[in-house]
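**Q** Attaching a predicted model along with its sequence, questions to come.
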Amino acid sequence: MVLFRCIAACLAVCVGCSAFAGEAEGALGRPVRVVSIGLRSGISLDTVCALVAQEGAKGADLIVLPETLRGDPKPLEAEEGQVLSRMAPLAREYGMYIVCPIYRMHEGKRLNTAFLLDRTGQGVGEYNKVFPYWSEFDLEPPASVGESAPVFATDFGKLGIAICFDANFPEVWQSLADQGAELVVWPSAYSAGTQLQAHALNYHFYIVTATLIPDCLVYDITGERLLYEKGEKTNVSRITLDLDRGIYHQNFNMEGRKKVLKEHADEVKEDRWLEQEQWFVLKAIKPGVSARALAKSYGMEELRDYKNRSRREIDRMRGWSFRERAAESAPGEQR
């Protein structure tokens with residue numbers, strides 16, 4: 001990590017193309033250009049860097065690479081400096097964020113870590129896999145577990161990261177939602193599919209994957225699958241997501257919806273109407289307008305906030321937390 005920080009510090013210069021995503025003239029909403037690069041294990045670091053450079057040259061705000069990018073290299077102590085020293089200049093040259101997952105040694109422990117590099121090549125965050133897969137404990141040295149799932153503030157929005165086996169544990173995704181994640185990227189060794197769809201559906205953030213299959217899945221804040229692409233040895237998928245799109249329940253929001261759509265018909269539109277779920281999505285249609293901010297000014301409450309408020313207030317009326325009580329009363333280990 002010391003080497004990584006030294007490299008990042010040397011590269012920390014002002015980059016002309018690092019303006020906030022969505023601030024470009026004529027941009028609608030808050031767009032973020034995401035590139036998922038999937039690849040088979042064993043692909044050389046030179047090839048990976050060439051792909052990152054190729055996609056960076058086309059324009060990207062965020063590039064996501066798959067889990068344990070180089071497998072289980074030895075010695076692990078050298079991996080962090082080797083990979084990140086190659087990625088940091090690319091992040092800086094093309095003015096983009098990169099999610100770079102590797103095995104590394106930290107304080108004598110193996111960690112399955114996804115580093116976040118910013119547009120200047122600096123390391124601005126790291127996520128250590130909270131739920132390593134069983135075989136990772138058989139490695140030498142064995143994997144250690146991460147302790148938290150942070151959300152990172154970027155210039156395009158709030159970014160969460162989860163890795164592979166984490167897909168099976170809703171508490172990871174709940175934690176990301178509680179911290180306001182708008183986009184979650186998922187480097188992995190496998191595809192997961194509807195497991196991830198459930199998390200997008202329940203927590204209302206976008207999810208983008210990059211895997212060793214190699215393939216890419218993208219899910220909308222409604223849970224709808226927006227994209228699935230797969231390659232042979234490599235897969236490169238590009239998608240632009242609008243982080244300003246807001247999702248709302250019909251409960252308590254219909255009067256605000258009626259007013260905002262009438263009084264700002266040239267600025268915002270209803271992007272989706274989900275009749276069975278009783279949800280709807282609003283989207284900006286005029287540059288410089290935030291649909292979410294406009295809806296808030298009319299007293300509208302986003303769906304995630306509505307769920308959280310409902311849970312909190314109903315727990316207050318019952319006098320205790322259902323979630324905490326349920327966790328305490330969960331059955332112990334079966335023997």
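**A** Arrived safely, thanks for sending. Numbering: from 1, shown residues only.
**Q** is Pro31 in a bridge, and if so with what?
**A** Counting by DSSP bridges, Pro31 is bridged to Asp242.
**Q** From the structure, what's the count of residues near it?
**A** Residues within reach of Pro31, counting by other Cβ atoms under 10 Å, total 17. To be clear about C-beta, it is placed using only N, CA and C from the backbone, and glycine gets the same treatment.
**Q** isn't it right up against Tyr206?
**A** No. The criterion here is Cβ atoms under 8 Å, and Pro31 misses it with Tyr206 at 11.8 Å.
**Q** Kindly point out which residues are neighbours of both of these two.
**A** Common contact partners of Pro31 and Tyr206 (Cβ atoms under 8 Å, 6 or more residues apart in numbering): Leu241, Leu243.
**Q** pretty sure Gln174 belongs to a strand, no?
**A** No. Gln174: not assigned to a strand; according to DSSP: H, G, I helix; E, B strand; the rest coil it is helix.
**Q** What's the separation between it and Phe205?
**A** Distance check for Gln174 against Phe205: by Cβ to Cβ, to the nearest Å, it reads 11 Å.
**Q** now do Arg33
**A** Following Cβ to Cβ, the distance that separates Arg33 from Phe205 is 17 Å.
**Q** what about these two, which has more around it?
**A** Phe205 (26 against 18).
**Q** Can you name the residues that contact the more buried one?
**A** The contact partners of Phe205, taken as Cβ under 8 Å, 6+ apart, are Gly160, Leu176, Ala177, Ala181, Glu182, Leu183, Val184, Ile221.
**Q** remind me, longest helix of this protein?
**A** helix 76-94 (DSSP state H).
**Q** What is that helix packed up against?
**A** For helix 76-94, the packing partners by 3 or more Cβ pairs under 8 Å, 6 or more residues apart in numbering; DSSP states H and E come out as helix 2-11, helix 45-58, strand 97-106, strand 109-117.
**Q** can you do 6 Å?
**A** If you count contacts as 3 or more Cβ pairs under 6 Å, 6 or more residues apart in numbering; DSSP states H and E, helix 76-94 packs onto helix 2-11, helix 45-58, strand 97-106.
**Q** shouldn't Leu39 be in contact with Glu232?
**A** No. Assessed by Cβ atoms under 6 Å, Leu39 is found out of contact with Glu232, at 10.2 Å.
**Q** Looking at these two, which is more packed in?
**A** Neighbours were counted for Leu39 and for Glu232 using other Cβ under 10 Å; Leu39 has more, 23 against 7.
**Q** Got the phi and psi for that one?
**A** Torsion angles at Leu39 (phi, psi; degrees, to the nearest 10) stand at phi -160, psi 150.
**Q** what residues are up against it?
**A** For Leu39, the contacting residues are Pro214, Thr234, by Cβ atoms under 6 Å, 6 or more residues apart in numbering.
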